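> Any chance you can model this:
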Amino acid sequence: MMADRLAAEPSLQDELDDARAELGRARSALRELSKVGMALMSERDARRLFDLILTQARALTASDAGSLYLVENDEGVPVLHFLHSQNDTLPGLPSLTFKLPLDDRSIAGYVATTGEPLLLPDVYELPEELPFSFNKEVFDRRCGYRAKSMLVVPMVDHKDRVVGVLQLINRKIDLGATIRTEDDASRWVLPYTGREIDVVSSIAGQAAVSIENGRLYQDIENLFAGFIKAAVTAIDRRDPTTAGHSVRVTELTCDLASLIDARDEGPFANVRFSNEDMRQLRYAGLLHDFGKVGVPEEVLVKARKLPPVRRAQVEGRFALIRKTLEADAAVARAEAAAGEHGPRDPADRHPADRRAADRHAADRHAAVGARLAAIDARLAGQLDTLSRYWAAVQAADVPRLAGEEAMHVLEEIAGMTYVDAAGTERPYLTPQELHYLSIPQGNLDAEERRQIEAHVVHSYDFLLNIPWTEDALTASDRPYKEAMTVESALDVLRAEAEAGQLDADVVALFIESGVYRKVLERDWREF
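Numbers count the residues shown, from 1 in each chain. Model (predicted):
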């Protein structure tokens with residue numbers, strides 16, 4: 001009898017073996033939890049983070065399905081937002097999202113409000129005194145599933161706040177089993193135990209911290225995005241004629257990068273852009289002109305060759321010259337008219353004398369008329385020349401290639417002088433004005449071009465290592481040149497590619513794909 005009892009009782013060796021096995025499982029779980037923690041802490045993409053949380057929690061508990069809820073604020077009302085789910089039995093289910101009231105009338109709401117894990121052996125057999133229930137019609141009957149055991153754990157952050165709920169369904173004996181019917185559930189499903197509560201609670205805690213980190217990271221992203229938007233808005237306000245330029249550059253760059261990323265053959269077969277790469281491209285595109293904040297206003301918005309103040313001075317001077325010529329002519333006319341009238345003839349003069357006086361008066365009148373006509377003709381010629389000069393100045397002020405003949409006319413104008421009200425002789429054009437009007441191409445002289453080009457240096461100083469590009473050839477709202485046709489702009493790109501200034505493969509893809517049409521057909525504010 002004693003021998004039989006001793007044989008029936010577990011031996012010390014058996015207990016030791018069981019303890020070792022449990023220790024091995026615990027060590028394995030710790031290793032897995034450590035890996036899960038590192039993976040969760042390194043993931044920044046919210047959708048991938050949610051997927052990772054469910055995948056790891058299900059893997060460590062052999063769960064068939066799982067769902068994740070987050071506590072959110074919906075217009076001042078706290079709610080539970082169903083964000084993500086996984087189901088091995090029904091892998092093709094569409095992604096759903098919905099919101100529940102944050103109260104104890106739902107299973108997830110109960111856990112979120114109490115902050116305690118909930119272990120349910122069979123959700124079809126819940127005690128009536130519980131405030132919540134399980135509606136099998138909502139999912140099981142509709143989708144052909146049988147939920148049985150359930151473990152629901154709150155995700156509590158470092159401030160002891162419930163930020164979400166992790167819900168696991170159907171702990172399975174065989175990971176390959178599908179749970180569609182009552183028989184499937186009876187055969188394959190096990191209840192969750194205290195061990196699973198400990199494991200999932202650990203994952204839920206790490207997940208809560210990761211979610212909070214993700215939210216903080218997103219807040220930083222939003223802050224940076226807000227800064228970028230403010231910076232682009234500031235640039236647009238300084239130079240309204242280029243409004244939308246940075247947005248168009250960004251759209252073209254990112255669309256082209258997406259095309260390159262999708263290529264499986266050709267020169268871009270091995271080129272790939274990660275989400276982080278695309279984010280950096282977007283930031284770079286939006287901020288590539290940020291350095292314009294360091295460019296003087298009069299240079300940044302300069303539309304013609306003459307700076308606005310100098311153009312106003314030249315225009316005012318030509319108006320003054322016109323008035324001066326007209327005034328000089330008026331004085332000459334008055335002097336000529338004054339010479340027409342001689343001394344008054346006495347009434348008792350002999351008739352013959354009076355006839356002679358009348359002939360002299362007629363001669364003087366004719367002479368004065370001739371002088372007045374000459375004055376008018378000279379004034380008309382002077383005004384005609386002045387109009388021709390002003391037209392030449394206006395034509396030279398337009399940013400385009402200056403011909404040799406136009407340069408000769410400008411030099412002729414600069415050599416002309418007039419006398420101002422103080423009696424000082426002044427030139428029609430000052431040397432500095434002639435300098436600007438003689439710019440051979442474009443509307444900037446060497447110093448102004450240096451200041452404009454310096455915005456790249458300013459951008460680099462502000463935002464190290466963020467590249468910038470040019471894309472202004474077809475901007476129809478620029479006042480200093482007419483919009484270049486699309487084909488002409490593409491010809492420029494081809495020429496620069498042939499000259500080695502641009503990547504020929506990228507230019508070819510840009511043109512062949514027609515990706516540029518997007519910014520031509522839509523307003524930049526829609527992007």
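> State the helix or strand in which Trp207 lies.
Actually, residue 207 is Ala. It isn't Trp. helix 194-238 (DSSP states H and E).
> which secondary structure elements does that helix contact?
For helix 194-238, the packing partners by 3 or more CB pairs under 8 Å, 6 or more residues apart in numbering; DSSP states H and E come out as helix 12-42, helix 46-61, strand 150-156, strand 162-172, helix 245-261, helix 275-287. Heads up, the C-betas are built off the backbone N, CA and C, glycines and all.
> can you list the domains in this structure?
With domains defined by automatic domain parsing, the chain comprises 25-217, 239-288+466-526, 308-343+355-437.
> how near is Val515 to Leu325?
To Leu325, Val515 is 59 Å away according to CB to CB, to the nearest Å.
> let me fix that: Ala406
To Leu325, Ala406 is 24 Å away according to CB to CB.
> With Glu425 instead?
Separation of Glu425 from Leu325 (CB to CB) stands at 15 Å.
> Could you give the number of residues near Pro127?
Neighbour count for Pro127, taken as other CB atoms under 10 Å: 6.
> ok but it is inside a helix, no?
No - per DSSP: H, G, I helix; E, B strand; the rest coil, Pro127 lies outside any helix segment and is coil.
> Quick check: it vs Glu512, distance?
68 Å.
> Show me which of Glu425 and Leu325 is the more surrounded one.
Applying other CB under 10 Å to Glu425 and Leu325 shows that Leu325 carries more neighbours, namely 17 against 8.
> okay but that one is in contact with Leu379, surely?
Yes - counting by CB atoms under 8 Å, Leu379 is a contact partner of Leu325 at 6.2 Å.
> worst-scoring helix or strand of this protein, pLDDT-wise?
Sorted by mean pLDDT, DSSP states H and E, the helices and strands of the chain end with helix 2-8, the least confident at a mean of 50.
> so the nearest residue to Lys99 once chain neighbours are set aside, which of the three states?
Once flanking residues are discounted, Lys99 sits nearest to Val79: 4.5 Å by CB to CB, 6 or more residues apart in numbering. With three-state DSSP as the basis, Val79 sits in strand.
> residues near Val79, how many?
20.
> Enumerate the beta-bridge partners assigned to it.
Glu72, Pro101 (DSSP bridges).
> Identify the residues contacting it.
Val71, Glu72, Asn73, Lys99, Leu100, Pro101, Leu102 (CB atoms under 8 Å, 6 or more residues apart in numbering).
> Pro101 is in contact with the first one, correct?
Read that as Val71. No - taking contacts as CB under 8 Å, Val71 lies outside contact range of Pro101: 11.6 Å.
> ok, now how distant is Glu15 from Thr113?
42 Å.
> which one of the two has more residues nearby?
Thr113 (20 against 10).
> With adjacent residues omitted, what lies nearest to the more buried one?
Closest residue to Thr113 apart from its sequence neighbours, by CB to CB, 6+ apart: Asp104 at 5.3 Å.
> check which helix or strand covers the one you found.
Short version, using DSSP H and E: Asp104 is in no helix or strand.
> can you pull the pLDDT of it?
pLDDT, Asp104: 93.
> Next: Gly339.
62.
> do the same with Arg142
88.
> Then the one 3 residues further on?
You'll see Tyr145 listed with a pLDDT of 95.
> Equivalent analysis for Ile203, please.
84.
> Flag the shaky bits of the stretch 1-150 of the chain, pLDDT-wise.
Residue ranges of the stretch 1-150 of the chain with pLDDT under 70: 1-10, 14, 17-44.
> Please apply the same query to the stretch 301-450 of the chain.
301, 339-355, 357-358, 360-361, 363, 365, 402.
> The contacts of Val79: which two are farthest apart?
Asn73 and Leu100 (14.0 Å; CB to CB).
> Show me which of those two is the more surrounded one.
Leu100 (17 against 9).
> Tell me how far the residue lying closest to that one once chain neighbours are set aside lies from Asn73.
In this structure, Leu100 finds its nearest non-sequential neighbour in Leu80, 4.4 Å apart by CB to CB, 6+ apart. According to CB to CB, Leu80 stands 11 Å off from Asn73.
> now swap in Gln280 and tell me
Separation of Gln280 from Asn73 (CB to CB): 31 Å.
> Lys159 now?
Computed as CB to CB, the Lys159 to Asn73 distance reads 16 Å.
> Mind putting the helices and strands packed on helix 194-238 into TSV with distance to Phe139?
Formatted as TSV, the helices and strands packed on helix 194-238 follow (distance: least, CB to CB, whole Å):
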stretch	distance to Phe139
helix 12-42	27
helix 46-61	16
strand 150-156	12
strand 162-172	10
helix 245-261	37
helix 275-287	32
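> Among these, single out whichever gets nearest to Ala356.
Nearest to Ala356 among the helices and strands packed on helix 194-238 is helix 245-261 (84.2 Å), distances taken as CB to CB.
> count of neighbours near Leu49?
The local packing of Leu49 (other CB under 10 Å) involves 22 other residues.
> I'd assumed Ile211 was in contact with it.
Yes - between Leu49 and Ile211 a contact is recorded at 7.0 Å, counting by CB under 8 Å.
> Looking at Val71 and Pro101, which is more packed in?
In this view Val71 and Pro101 are compared by other CB under 10 Å, and Val71 has more residues nearby, 20 against 14.
> can you pull the contacts of that one?
Counting by CB under 8 Å, 6+ apart, Val71 touches Pro78, Val79, Leu80, His81, Leu102, Ala112, Val162, Val163, Gly164.
> what do you get for Leu286?
So Leu286 contacts Ile228, Ala231, Val232, Ser246, Val247, Thr250 (CB under 8 Å, 6+ apart).
> what about 10 Å?
Going by CB atoms under 10 Å, 6 or more residues apart in numbering, Leu286 touches Ala225, Ile228, Lys229, Ala231, Val232, Ile235, Ser246, Val247, Val249, Thr250, Thr253, Ile466.
> can you give me the helices for the stretch 401-527 of the chain?
404-414, 431-437, 446-462, 486-498, 504-513, 517-521 (DSSP state H, counting those that start in this stretch).
> Any idea which of the helices and strands packed on helix 194-238 gets closest to Ile203?
Closest to Ile203 of the helices and strands packed on helix 194-238 is helix 46-61 (CB to CB; 5.0 Å).
> from the chain's centre, how far out does that closest one sit?
33 Å (CA atoms, centre = their mean, to the nearest Å).
> Equivalent analysis for stretch 261-271, please.
26 Å.
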